[in-house]
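Enquirer: Just a sequence and a predicted model for now, questions to come.
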Amino acid sequence: IPVEPFDLVIFGATGDLARRKILPGLFRRYCSGQMPEDARILGAARSEMDTAGFRQMVAEAVAEFGGGRHCEDGTLEQFLEIVDYEAVDAMGDGGWEALKGHLRGGFVRAFYFSVAPSLFGALAERLRSFGLADDDSRVVVEKPFGHDLESAKALNATLRQHFAEDQIYRIDHYLGKETVQNLMAVRFGNMLFEPLWNAQYVDHIQITVAETVDVGGRGGYYDKSGAMRDMVQNHLMQLLCLIAMEPPARFEPDSVRDEKLKVIRALDPVDYHHIVRGQYAADDHQPGYRVHVENPRSTTESFVAMKCHISNWRWAGTPFYLRTGKKLRGRTSEIAVVFKDAPHSIFDSESGRHRNVLSIRLQPNEGMTLDVTIKEPGPGGMRLVDVPLDMSFAEALGPEVEEVPDAYERLIMDVIRGNQTLFMRGDEVEAAWAWTDPIIAGWQSRGEVPKPYDAGTAGPEDALMLMHRDGRRWREIR
Ligand code: BG6
């Protein structure tokens, strides 16, 4: 379904995110027919460049980071026709009038801040003072949204000086992932799961976002941030909210975001015995974290595992185990809901222990598996075995969904549609920092150093112990 015609201005249009995600994503939406003929995309950045130069850059970004299945020959040339560029000085007056000259009346107008958060204030102010933005315009901001509660509050205050909350779209790209949205469909579209979705039936929940990549060229940023700020405060927290929240009354922005906020506010402070930090070590073949970030004494974590509790009626007593890290054995993002044992076994004890586990694979091979217990085939008596009811979304839904839209594509189209459901509200972000800040402060005050772990493993031994102590096991990272 095509969206309304729009003018989208991307600040930081020559940057990494724009080249990797935003511009190729917009091109794929163009190919899919979702973008109307009179959409306009305006790149803005500090670099002096003309439109031809920028179009060349966009073409290269598309070549490198992918067009889509529907992108036929010749579409790129057509797409480039709707792309323009203007050099703009975020901190000064240069370029703003020229940029304004590109904007048309009567169209949806959105400004994407794909820049360092330190520029948000300057951009917001100039959008208003030069008259580019009005009360209907939308602004899109990227993470990191602050590095602690105080800075997040300051950013919110700065943005709100110029824009109302319903004009601000804070991106957490995990919310744009197809399977993450599927989580809501599974929970609230089926009768089967919701009655069992509570402490009475659920033994524990595991959320894993494991990556094989290292910190890449982002060492400077990452070393100041670490896995807690980079992944847990936003992506894992959002997954936790979607899995734990009460059913919202409607699938509408504030209905959903109110429920997520309640989850974050109900999280207990985490006992420091229940958190393990790790940092990948060097081995014979490759350098470790400290070399990657060029900081030989870095005590920043590239891995974190923790046990948390949500103090509310639904979840009291059910632990949530979270873990994420870089340089791990596999790229697996998964949420597993592990149900309790049946209250009484009518089979003899040799049948062993069996549990239903619902696992939702976010990536790769998006899908869902439900482990159910059945009789092992054969004449050997009543021996039980767990088998997966396994569904790959791609297989189940057929070839038309083979190409799942990238999270950014989906989210940018939602901005144009004016739908904030999959964007974080200011109070959510602040609540998430209010929960993470004391954890980080605790590490600092105790002078805690992360445990080294070998690349290609599941993280430090202590992370395994975190579960073993409770008589539980992490699911495998494949
Ligand atoms: C980003 C983090 O927000 O998410 C990165 O800054 C991380 O460190 C990335 O690698 C993971 O995203 P995805 O979509 O590849 O799972």
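Expert: Looks like it arrived, so ask away. Residues are numbered from 1 along each chain as shown.

Enquirer: just checking, what packs against the one helix or strand Asp427 maps to?
Expert: Secondary-structure element containing Asp427, defined by DSSP states H and E: helix 426-446. Other helices and strands packing on helix 426-446, by 3 or more CB pairs under 8 Å, 6 or more residues apart in numbering; DSSP states H and E, are helix 149-162, strand 168-170, helix 253-266. Quick note: C-beta positions are derived from backbone N, CA and C, even for glycine.

Enquirer: how much space between the residue in the stretch 151-300 of the chain positioned nearest to the ligand and Phe120?
Expert: For the stretch 151-300 of the chain and the ligand, the shortest gap (CB to the nearest ligand atom) falls at Asp230, measuring 4.7 Å. Counting by CB to CB, to the nearest Å, the gap from Asp230 to Phe120 is 19 Å.

Enquirer: Kindly report the same for Asn234.
Expert: As for Asn234, its distance to Phe120 is 16 Å (criterion: CB to CB).

Enquirer: Using PDB, write out every CA atom in the helix-or-strand element of the chain with minimal mean pLDDT.
Expert: Least confident helix or strand, the chain: helix 393-397 with a mean of 75, by mean pLDDT, DSSP states H and E. Extracted C-alpha coordinates of helix 393-397, given in PDB (Å, rounded to 0.1, in the frame of the first residue of the first chain):
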ATOM      1  CA  PHE A 393       8.100 -18.300   8.700                       C
ATOM      2  CA  ALA A 394       9.700 -18.300   5.200                       C
ATOM      3  CA  GLU A 395       8.600 -21.900   4.500                       C
ATOM      4  CA  ALA A 396       5.200 -21.600   6.100                       C
ATOM      5  CA  LEU A 397       4.300 -18.400   4.300                       C
END
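
Enquirer: Run the angle between the helix or strand just after it and helix 253-266 for me.
Expert: Moving toward the C-terminus from helix 393-397, the next helix or strand (DSSP H and E) is helix 407-417. On the basis of axes from the mean of the first three to the mean of the last three CA atoms, to 10 degrees, helix 407-417 is oriented at 130 degrees to helix 253-266.

Enquirer: and helix 407-417, average pLDDT?
Expert: Per-residue pLDDT values over helix 407-417 give a mean of 95.

Enquirer: Now it - C-alpha only, CSV.
Expert: Listed in CSV are the C-alpha atoms of helix 407-417, where the atom choice follows Å, rounded to 0.1, in the frame of the first residue of the first chain:
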residue,chain,number,x,y,z
ALA,A,407,13.8,-3.1,10.0
TYR,A,408,14.7,0.4,8.8
GLU,A,409,12.5,0.1,5.7
ARG,A,410,9.5,-0.7,7.8
LEU,A,411,10.2,2.0,10.4
ILE,A,412,10.8,4.8,7.9
MET,A,413,7.5,4.0,6.2
ASP,A,414,5.8,4.1,9.6
VAL,A,415,7.2,7.6,10.1
ILE,A,416,5.6,8.7,6.8
ARG,A,417,2.4,7.0,7.9
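
Enquirer: Please identify the residues of this protein in proximity to the ligand?
Expert: Within the chain, the residues that sit near the ligand (CB under 6 Å from any ligand atom) are 143, 211, 230.

Enquirer: Need the buried ones from those selected in ChimeraX.
Expert: Buried subset of these, written as a ChimeraX selection, criterion 16 or more other CB atoms under 10 Å:
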select :143,211,230
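
Enquirer: before we move on, the earlier item: so which of the helices and strands packed on helix 426-446 is the most packed in?
Expert: When neighbours are counted by mean count of other CB atoms under 10 Å, the highest per-stretch mean among the helices and strands packed on helix 426-446 falls to strand 168-170, a mean of 23.

Enquirer: Quick check: what element follows it along the chain?
Expert: On the C-terminal side of strand 168-170, the closest following helix or strand by DSSP H and E is helix 178-189.

Enquirer: Give me the angle between that next one and helix 253-266.
Expert: Orientation of helix 178-189 against helix 253-266 (the same axes, to 10 degrees) gives an angle of 90 degrees.

Enquirer: Quick one: list the elements packing against helix 178-189.
Expert: Contact partners of helix 178-189 among helices and strands, from 3+ CB pairs under 8 Å, 6+ apart: helix 237-244, strand 357-363, strand 367-375, helix 393-397.

Enquirer: Just give me how far the first one sits from the chain centre.
Expert: Using CA atoms, centre = their mean, to the nearest Å, the distance from the centre of helix 237-244 to the centre of the chain it belongs to is 11 Å.

Enquirer: buried set for it?
Expert: Applying a neighbour-count criterion of 16+ other CB under 10 Å, one finds 237-244 buried in helix 237-244.
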